[in-house]
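Novice: Fold the following.
(one chain, ligands or ions: 1)
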Amino acid sequence: MTKTAVVSGASSGIGAATARRLAAEGFQVVAGARRLDRLEKLAAEVPGIRAVELDVTSDASVAALAGSLDRCDVLVNNAGGALGMETVVGAQLDDWQRMYDTNVLGSLRMTQALVPKLVESGDGVLVMLTSTAGLVSYEGGGGYCAAKHAQTAMVETLRLELVAEPVRVVEIAPGMVKSEGFAVTRFRGDAEAAERVYAGVDPLTADDVADAIAWCVTRPSHFNVDRLVIRPRAQAAQHKVHRVGG
Ligand code: 8X3
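Specialist: Presented below is the predicted three-dimensional model:
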């Protein structure tokens, strides 16, 4: 019996790397994202990946994905991201709204739609991609930190509420990851500003995070990883980053 894994935000970065890695682990992977053209390339390249257009901010889109599944053994709530580096006082309400809609309500929609199938599988795993920004706050990160803290609260609550069900609830909280698009989106397309985030650091990669996810979801059924915090060696804490030559 082939197990099915659903990955949101799978058209690039951590989502795409996770889709590839779970396919290599033998899962039938349903890769969802808004950018279907990119997903179709991924699916054409990697056997075991099915591309599905998915907008986690749309009830209809999430329902269509859920309705297309025979089963779901693993759900990776990865879709989301950061917008802007303004202070709380200087922030745009619209950015906060979009970050909450994608990271928090998007994960909520996917969770509500797919937990019944995770339960039915008899050994389901729900993975929530949070961030170290879900554990500590930092200047310029108010809206993103607020959204990630909300996801952390959601995943902690879910683990309590699902304790009697055959579903593991795992949180992956990465620190500095250099992944396609994340910092560029945050800096509104300013590639130089995005590059400065990683200056003099050997950051984690999307593949590193996919490796952590694959490890968590392939543990035996009784083994739950509550929260895995992963950072590059050079990032001892959110503000403590050792930059070579910096
Ligand atoms: C991304 C990590 O440090 O930019 O989730 O908040 S950080």
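Novice: dump the residue contacts of V229.
Specialist: Shown here is V229, whose contacts under the criterion CB atoms under 8 Å, 6 or more residues apart in numbering are 132, 135, 173-175. Yep, even glycine has a C-beta here, placed from its N, CA and C like the rest.
Novice: what are the pairing partners of the helix or strand hosting it, and which direction each?
Specialist: Using DSSP states H and E, V229 maps to strand 227-230. If you go by DSSP bridges, strand 227-230 pairs up with strand 167-174 (parallel).
Novice: distance between the strand it pairs with and the chain's centre?
Specialist: 10 Å (CA atoms, centre = their mean, to the nearest Å).
Novice: What lies in contact with that strand?
Specialist: The contact list for strand 167-174, computed with CB under 8 Å, 6+ apart, reads 14, 115, 118-119, 124-132, 134-135, 152, 155-156, 158-159, 162, 204, 209, 212-213, 216-217, 221, 223-231.
Novice: any idea which helix or strand comes after it?
Specialist: Immediately after strand 167-174, counting by DSSP H and E, sits strand 177-178.
Novice: Quick one: residues contacting the most centrally placed residue in the chain.
Specialist: For the chain, N78 is the residue whose C-alpha lies nearest the centre (CA atoms, centre = their mean; 2.2 Å). Applying CB under 8 Å, 6+ apart, one finds that N78 lies in contact with 7-10, 14-15, 18, 127, 129.
Novice: How much space separates it from the ligand?
Specialist: 11 Å (CB to the nearest ligand atom, to the nearest Å).
Novice: on contacts alone, who are the packing partners of the longest helix anywhere in the chain?
Specialist: For the chain, the helix with the greatest residue count under DSSP state H is helix 142-161. Helices and strands touching helix 142-161, by 3 or more CB pairs under 8 Å, 6 or more residues apart in numbering; DSSP states H and E, are helix 93-99, helix 106-121, strand 124-129, strand 167-174.
Novice: how about the ones you listed in JSON lines, adding distance to the ligand and mean neighbour count?
Specialist: Listed next are these as JSON lines, based on distance: least, CB to the nearest ligand atom, whole Å; neighbours: other CB atoms under 10 Å:
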{"stretch": "helix 93-99", "distance to the ligand": "11", "mean neighbour count": "15"}
{"stretch": "helix 106-121", "distance to the ligand": "14", "mean neighbour count": "19"}
{"stretch": "strand 124-129", "distance to the ligand": "9", "mean neighbour count": "26"}
{"stretch": "strand 167-174", "distance to the ligand": "6", "mean neighbour count": "24"}
